[in-house]
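Q: Could you work out the structure for the sequence below:
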Amino acid sequence: MNQTQMTARVGLFFLIGVALVWVTWEALHNGKLSPEKGYTVVASFNTLKELKPGDPVRMAGVQIGNVQETRLNKGRAEAVLTIEDQYPIANDSTATIAMAGLIGANYITIDAGNPDSAGVLPPGGSVKTTESADLQQIINDLGGLGKELRGTLAQISGNASGPDGQGGLFQKLDKLVTENSTKISNTMSNLEDITAKIRNGEGTFGKLVNDPEAYNRLLATVEEIKLAASDARTFVASGQEVVAHVKSGKGAVGTLIYDEKAAENLRYTLNNLREVSDKLNNPNSTFGQLIGNDQLLREMQGTIKKADRALDGLADQGPISAVGAVAQGLF
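A: Below you'll find the predicted structure:
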């Protein structure tokens, strides 16, 4: 091998080494030759989900920084983010770990927030975070769901086939339908007759369905029932008011029930009326004599007639003669 070939091979290996160094730098520094400039913030998560240093930080789809460091702090996973100075983060912004496609790398996305009203997050501050769905957890849940589906299908298959080769659910249903086919046919025929009568306006339901007048009368009856129910409620409410009025001792009935003095006066009056009634019914009393003695009544009538005749004779006599005539007529 001559000197020229040796030099060419050395130069080729040098170029390949430079290319490898460049690719490594691109992967670690996101294609930037100079170190990152900006301020840092901390985002805390339950898990970083394969997030690593160098992964991008985006806001509204625009890359605003990178993940500088990942670490554990008091059982929480933290990602130190380097944010470019021209991109302030609002205090009400929220960071989430997102995934670029099903097999893409993870990155952190931050919503814009409202820096004008909420203020700006200071350097070294902690940005609010929210947990996103974990693809591995989703896959595990789908696996568990598959097991449950297989178990359910096995139960359905067992119910369909039946224990020990006996007839299952579908066989029993088929047997039931076969044995009762005549009854089912008769039932369907009866239903067809009923629907035909209703369609032709026969019977109560048929008239209600096909006769607007019957329907309107039914509605009017329902309205009258509603009005009667309303009147009944009003009557009951009035009765409750009357009862409450009586319980409060107001009115004549309330006074008689709850006022002891009024009740005592009523009992005293009733006793007096009973005594008067007893005297009226007693033939030995004055009122009893006036009511029940016919002889006394006839004597009073005779006396009234004598007084009438004596008064008729007063027309031509003086006062003294008139008094004597009256006395003579009476006695």
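Q: need the strands for the stretch 101-250 of the chain, in chain order.
A: 106-110, 126-129 (DSSP state E, counting those that start in this stretch).
Q: Paired strands for the first one, with orientation please.
A: Here strand 106-110 has these sheet partners by DSSP bridges: strand 56-59 (parallel), strand 94-99 (antiparallel).
Q: Tell me, how many residues neighbour the closest residue to Ile198 other than its chain neighbours?
A: Closest residue to Ile198 apart from its sequence neighbours, by CB to CB, 6 or more residues apart in numbering: Gly206 at 4.5 Å. Any C-beta I mention is one placed from the backbone N, CA and C, and that applies to glycine too. A count of nearby residues for Gly206, using other CB atoms under 10 Å, gives 18.
Q: circling back: pick out the shakiest of the strands paired with strand 106-110, pLDDT-wise.
A: Sorting the strands paired with strand 106-110 by mean pLDDT places strand 94-99 lowest, at a mean of 89.
Q: rewinding a little: buried deepest among the strands of the stretch 101-250 of the chain, which one?
A: Of all these, strand 106-110 has the most neighbours on average by mean count of other CB atoms under 10 Å, namely a mean of 21.
Q: got a markdown table for the strands paired with strand 106-110, with distance to Ala244 too?
A: Output for those, formatted as a markdown table (distance: least, CB to CB, whole Å):
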| stretch | distance to Ala244 |
| --- | --- |
| strand 56-59 | 71 |
| strand 94-99 | 62 |
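Q: Can you convert the ones you listed into a markdown table and add a column each for mean neighbour count?
A: Converted to a markdown table, those look like this (neighbours: other CB atoms under 10 Å):
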| stretch | mean neighbour count |
| --- | --- |
| strand 56-59 | 19 |
| strand 94-99 | 18 |
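Q: Can you tell me which of these is nearest to Asp141?
A: For Asp141, the closest of these is strand 94-99, at 16.6 Å, according to CB to CB.
Q: To Arg76, which of the strands paired with strand 106-110 lies closest?
A: strand 94-99 (13.5 Å).
Q: related to what we said a few turns ago, please determine how far the residue nearest to Ile198 is located from Leu173.
A: From Gly206 across to Leu173, the span is 35 Å (CB to CB, to the nearest Å).
Q: Gly61 too?
A: Relative to Leu173, and taking CB to CB, Gly61 is found at 58 Å.
Q: Which residue of these two possesses the greater neighbour count?
A: Counted by other CB under 10 Å, Gly61 and Leu173 do not tie: Leu173 has more neighbours, with 11 against 6.
Q: rewinding a little: as JSON lines, the strands of the stretch 101-250 of the chain with distance to Ala154 and mean pLDDT would be great.
A: Below are the strands of the stretch 101-250 of the chain laid out as JSON lines (distance: least, CB to CB, whole Å; pLDDT from 0 to 100):
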{"stretch": "strand 106-110", "distance to Ala154": "38", "mean pLDDT": "91"}
{"stretch": "strand 126-129", "distance to Ala154": "43", "mean pLDDT": "92"}
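Q: could those go into TSV alongside distance to Ser189?
A: Listed next are these as TSV, based on distance: least, CB to CB, whole Å:
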stretch	distance to Ser189
strand 106-110	68
strand 126-129	70
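Q: Which one of those lies nearest to Glu50?
A: strand 106-110 (5.6 Å).
Q: And for the closest one, what's in contact with it?
A: With CB atoms under 8 Å, 6 or more residues apart in numbering as the test, strand 106-110 has contacts from 43, 48-51, 55-59, 64, 67, 79, 81, 89, 93-100, 127.
Q: returning to that earlier point: relative to Asn265, which of the strands of the stretch 101-250 of the chain is closest?
A: Evaluated over the strands of the stretch 101-250 of the chain, closeness to Asn265 peaks at strand 126-129, with 84.7 Å, by CB to CB.
Q: Against which helices or strands is the closest one packed?
A: Strand 126-129 is packed against strand 39-45, strand 94-99, with contacts defined by 3 or more CB pairs under 8 Å, 6 or more residues apart in numbering; DSSP states H and E.
Q: As a markdown table, the ones you listed with distance to Glu264 would be great.
A: Converted to a markdown table, the helices and strands packed on strand 126-129 look like this (distance: least, CB to CB, whole Å):
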| stretch | distance to Glu264 |
| --- | --- |
| strand 39-45 | 88 |
| strand 94-99 | 85 |
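Q: now Ile64, what's its secondary structure?
A: strand (DSSP: H, G, I helix; E, B strand; the rest coil).
Q: next one: the one 4 residues further on
A: When classified by three-state DSSP, Gln68 comes out as strand.
Q: my guess is it meets Lys52, correct?
A: No: counting by CB atoms under 8 Å, Gln68 does not reach Lys52; the two are 10.9 Å apart.
Q: List the contacts of Ser185.
A: With contacts defined as CB under 8 Å, 6+ apart, Ser185 is in contact with no residue.
Q: Quick check: pLDDT value at it.
A: 83.
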